[in-house]
Structure formats: structure tokens, C-alpha cells
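Asker: Mind folding the following:
(one chain, ligands or ions: 1)
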Amino acid sequence: MALPVLAVASELYPLIKTGGLADAAGALPAALAGQGVAVRTLIPGYPKVLAALGAARTVLEWPELYGAPVRVLEGRAAGLDLLVLDAPHLFDRPGGPYVAPDGAEWGDNAIRFAALGRAAARVADALGFAAVHAHDWQAGLVPAYLRFAPRPIPCLFTIHNLAYQGKFDASLFPLLGLPAQAMSTQGLEYFGAIGFLKSGLWYADAINTVSPSYAEEILTPEGGMGLDGLLRGRSGDLHGILNGLDTTDWDPKTDPHLAARFSASAPAGRAANKAALQARLGLAADPAAPLFAFIGRLAWQKGADLLLAAAHVPMQGGAQLAMLGSGEPGLEQACRSFAAMHPGRAGAFIGFDEGLARLVYAGCDALVVPSRFEPCGLAQLAALRYGAPPIVARTGGLADTVIDTNHAALAAGCGTGVQVAPGSAEALAAGLRRALALYADSAVWRGMRRRAMATDVSWGPSAGRYAAILKGLAARHG
Ligand code: ADP
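Answerer: The predicted structure follows:
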């Protein structure tokens, strides 16, 4: 019989997404089904989730949790087996999963995601799950609630990004419903505050992050963001497993968002996507101009500022630049201004648009991913799959998934993109120059694109590793 595992996540593609966490949490259940693991995912009852939920039945009820009754619904949506925390006073709100429509964090996020953790522990026990898989700080208290539950259930905690730590004022502790002993350095306490992520790392039975390189980087003071000491202490329980893509959903042969479908053996359709992308972003209709693109959150981590500082290279080299992103107002404005200064040569779409993202992956010649750090990164995986050799910073999962097309790689016939030193506009400029030179030799670029598209970016290799950890945890506790 398949091992019953409860996943706990605050976003889940295609129901609700702000980034790669949603993609990973949304794709893992199908990937693990083939490995003898049956995943059901507990997710907050945001309006979009409740709207998508088909026929549902109530499996648990509380007369009161943080001021109002709540219940857990069981149902299916978008092919996913869901357990939905229906708590309208916490989750039935406009805006994003963490922020109000004006972009400000909800003031009660500690309570909202403590409720998710409490519900997870009760659901895991009541429905007889053998193990729990908690994702990121929003599910950071799950391992603590499980540890202090009457029947301990083992928990794997996955870090998708160590930069988001869920740090809240210590005065909130009495509201969490945990024993007093949990409020110590050997528990939730984190530099005088409550750390949801820190708590997850402390109480989880095993820890995972989303690439082998990031698993090494977070053990260092530079990459550990204050948690490297704790992580070094737990390095025996720390794994680094690459994210994959749901290659059924991310498939240029069938993607409905594209202007034309294509494949590695028949890539001609890329040209129609390039033309459609140029039209959509106000770029000159020029099939020959190399078209570089950026897709991502406009945050310091993602290095859009580095790209703008290095973008004179493509501009002077006769190339075009397409930017799709949203986030910090200063960076949004900088992208808009750059596009305005280079009419027909640079274009920016500020906002979150899944369909346009697919068109960018399919229509650009190369995706630029200049992150200062990157736990795994899904954008470069999508770019590989859609035939846009990625130009990436050599960090985290970017370093693990893209093969630099240097002299030796070319001689061996194995480059899939370009790697540059992270955090430097000069290094990025040099990488962009190198990419232009590679692009100028169409046989070389065709080879890079073919190898990029042949790269296995599926969950296949990683699903087995997740399954082995979860089965091992269940066996140790069983
Ligand atoms: P992170 O989770 O740190 O934001 P990832 O690279 O892991 O970064 O995942 C980002 C995901 O979000 C990818 O699927 C990417 O295509 C998508 N994405 C990012 N920004 C946008 C946007 N503005 N519009 C549409 N999709 C976006």
C-alpha cells in the first residue's frame, strides 16, 4: 500500500502561486505517486482555493480557533488531493496569500500560519498519515506541533528559500498553544523573537533544500542568513534535492499559451513565438536580433538591477531585452524606464502573468537569471525545456542545472547555457558578451538549444530521493 503523506504548503500551483514553492508543492504529489507515496496537501482556504474545490466533505471541525469556528474540507481540484483549512476569518481575503491588496503584509500572518500548523498536526493524527512534509516558514510550526502531539508523526521540512524566515514578536508566543519549553533557543526562539523557519529546522526529523549546491551554501555564514550554525549542527539530517518541472504541464509541444507549438526535433515554431513576444512587448519585429529575457520577482535576490547595469551589452550588440516581473516599486520603475529609453529594443511587462511567462520562455533566445543566490530556480528549468539556453549566475540550483558552454564544454559537445560569477554586473556583462558570440555562430547556438531541450528537468530523478527519505522516516517511527 502507498505510504500516506500529508504535505503542508501555503501555495499550490495551479490554484495559488507567488513563486517556485507553488510549482514544487503542486508537482510533487504526481511525481511521488509513481514512487509508492500517496500525498494529500493541506492548504489554507483562500478564496481561489475554495472556488476551485469541487464536491468537498468536512473531515474535522473546531468550534473555535483564533476567534471563530474552522473546519477542514477534503476534496479534489486540478488533479490534486486536497485538505483545505476553511477559516474565513483568516483566509477569505482579497490580495495575495501573504499580503493585502496594497502590498503590505497581513498583520496577523503569525496567527494565520500558526492555525495552518495546528490544523496540520490534528489532521495528520486524525486521518492516520504516516509522515508529514512541511514547506517553508508558513509551515514552519508544523514540526513543533507534531513533536508535542500525543502521537508523534515524523516530519520532513523543505526549505525553498532561507531568506523568508517568518520572524515574529516574542509576545505572540502565548497565542501559539505550544508548551512553555518550546520558547527557548532549543525550540522557536530566534534572536529574541519567534522564528517559524527556525522552529521548523529545529523540530523536523529531516531537512531538505532544493539543490545540492544550496544545501552546501546554507552551511556557511555567507549563505546561512543567521541559521548556518543550527544547520551545521543538523547537517547529518540535511539533504539537497533538485526541484523538477511538471513536464506534462510545461511542454512546448502542447502549451496552450504559445503562438505555435514546437519540440526539440521540430523547433521551427519558436520563430512564431518570438514574433508574438516582440509584438506583445512593443519590440521591433526582427527575427534575427538575439532576444534576451528576464522573468522573476523584482527583489534584490533576483538581480534585475545587475541585468539593467549590464544591459548596455545586448543594447550595443544589436540585441533585444524583454522583462517580465513584479515586486519592489523601485525596480519596477527601473525596468519601465529602461524600456522607455530603448523603444523597440527593450520591453517591460510589470505584473504576474503565467501565460505571458510561457510565451517569453518559448519566444526568447536566451533567458537571463542573474540571481545573487538561488535555492533552485525554476525559471532556468523552464528555459531549458522551452529551448532558451539560460545565462545564469553560478550559485545554488542555477549552478547545478546549467552547463556552461566554455571551450572545454564546446569541445566535448555538452554546453546548455552560460554561467557567470554571481553578484557582479561586470561578470554578467562579460557573460552576455560571450552569449552574443555563441549566438552569432548559428550552428553552435542550435547545438546549445538542442542540448538544453534534451536536459531532463522532470521530477523523475528527484522523486525517488524524496520517497526514500519519507519512507525511511515512517519506518523509523513505525
Ligand atoms: P522564486 O520562487 O524564488 O520566485 P523560481 O525561479 O523558483 O523563483 O520560480 C519562479 C516561478 O514563478 C517560475 O515558474 C516563473 O516562471 C514564475 N514567475 C516569476 N515571476 C513571474 C511573473 N511576473 N509572471 C509570471 N510568472 C512568473
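Asker: how close does residue 46 sit to residue 74?
Answerer: 17 Å (C-beta to C-beta, to the nearest Å). C-betas here are computed from N, CA, C, even on glycine.
Asker: Tally up the residues packed near the residue of the chain found nearest the ligand, please.
Answerer: Nearest residue of the chain to the ligand, counting by C-beta to the nearest ligand atom: residue 20, 2.3 Å away. Neighbourhood size, residue 20 [other C-beta atoms under 10 Å]: 24.
Asker: Please work out how many residues are found near the closest residue to it other than its chain neighbours.
Answerer: Nearest residue to residue 20, sequence neighbours excluded (C-beta to C-beta, 6 or more residues apart in numbering): residue 378, at 4.5 Å. Residues lying near residue 378 (other C-beta under 10 Å) number 26.
Asker: Could you pull up the residues touching residue 378?
Answerer: With contact set as C-beta atoms under 8 Å, 6 or more residues apart in numbering, residue 378 has these partners: 20, 23-24, 243, 245.
Asker: any chance of the residues you listed in JSON lines, plus secondary structure and pLDDT?
Answerer: As requested, the contacts of residue 378 are exported to JSON lines (DSSP: H, G, I helix; E, B strand; the rest coil; pLDDT from 0 to 100):
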{"residue": "20", "secondary structure": "helix", "pLDDT": "88"}
{"residue": "23", "secondary structure": "helix", "pLDDT": "92"}
{"residue": "24", "secondary structure": "helix", "pLDDT": "95"}
{"residue": "243", "secondary structure": "coil", "pLDDT": "97"}
{"residue": "245", "secondary structure": "strand", "pLDDT": "93"}
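Asker: what would those look like in TSV with distance to residue 190?
Answerer: Listed next are these as TSV, based on distance: C-beta to C-beta, whole Å:
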residue	distance to residue 190
20	24
23	28
24	25
243	26
245	33
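Asker: any residues touching stretch 208-224, and which ones?
Answerer: So stretch 208-224 is in contact with 20, 24, 156-160, 162, 225, 227-228, 231-232, 235, 238-243, 373-376, 395-397, 399-401, 466, 469, going by C-beta under 8 Å, 6+ apart.
Asker: Weed out the non-buried ones from these.
Answerer: 20, 24, 156-160, 162, 225, 227-228, 231, 238-243, 373-376, 395-397, 399-401, 466, 469 (16 or more other C-beta atoms under 10 Å).
Asker: mind giving me the domain ranges of this structure?
Answerer: 3-244+459-477, 269-454 (automatic domain parsing).
Asker: hang on, the earlier thing: next, work out how far apart the residue of the chain closest to the ligand and residue 460 are.
Answerer: In terms of C-beta to C-beta, residue 20 sits 18 Å off from residue 460.
Asker: And residue 120, by the same measure?
Answerer: For residue 120 relative to residue 460 (C-beta to C-beta), the value is 28 Å.
Asker: Of residue 46 and residue 74, give the one with the bigger neighbour count.
Answerer: Using other C-beta under 10 Å, the more surrounded residue of residue 46 and residue 74 is residue 46, with 24 against 18.
Asker: OK, contacts around residue 52?
Answerer: 15, 77-78.
Asker: Output those in CSV, with pLDDT appended to each entry.
Answerer: Shown next, in CSV, are those (pLDDT from 0 to 100):
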residue, pLDDT
15, 97
77, 97
78, 95
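Asker: Among those, the buried ones, what's the PyMOL command?
Answerer: To isolate the buried members of the contacts of residue 52 in PyMOL, using 16+ other C-beta under 10 Å:
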select buried, resi 15+77
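Asker: can you tell me which of the buried ones among the contacts of stretch 208-224 are in strands?
Answerer: 156-159, 238-240 (DSSP state E).
Asker: Is it possible to get a markdown table of the residues you listed that adds distance to the ligand and pLDDT?
Answerer: Output for these, formatted as a markdown table (distance: C-beta to the nearest ligand atom, whole Å; pLDDT from 0 to 100):
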| residue | distance to the ligand | pLDDT |
| --- | --- | --- |
| 156 | 19 | 98 |
| 157 | 17 | 98 |
| 158 | 13 | 98 |
| 159 | 12 | 98 |
| 238 | 20 | 98 |
| 239 | 18 | 98 |
| 240 | 15 | 98 |
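Asker: Right, I'll call it a day here.
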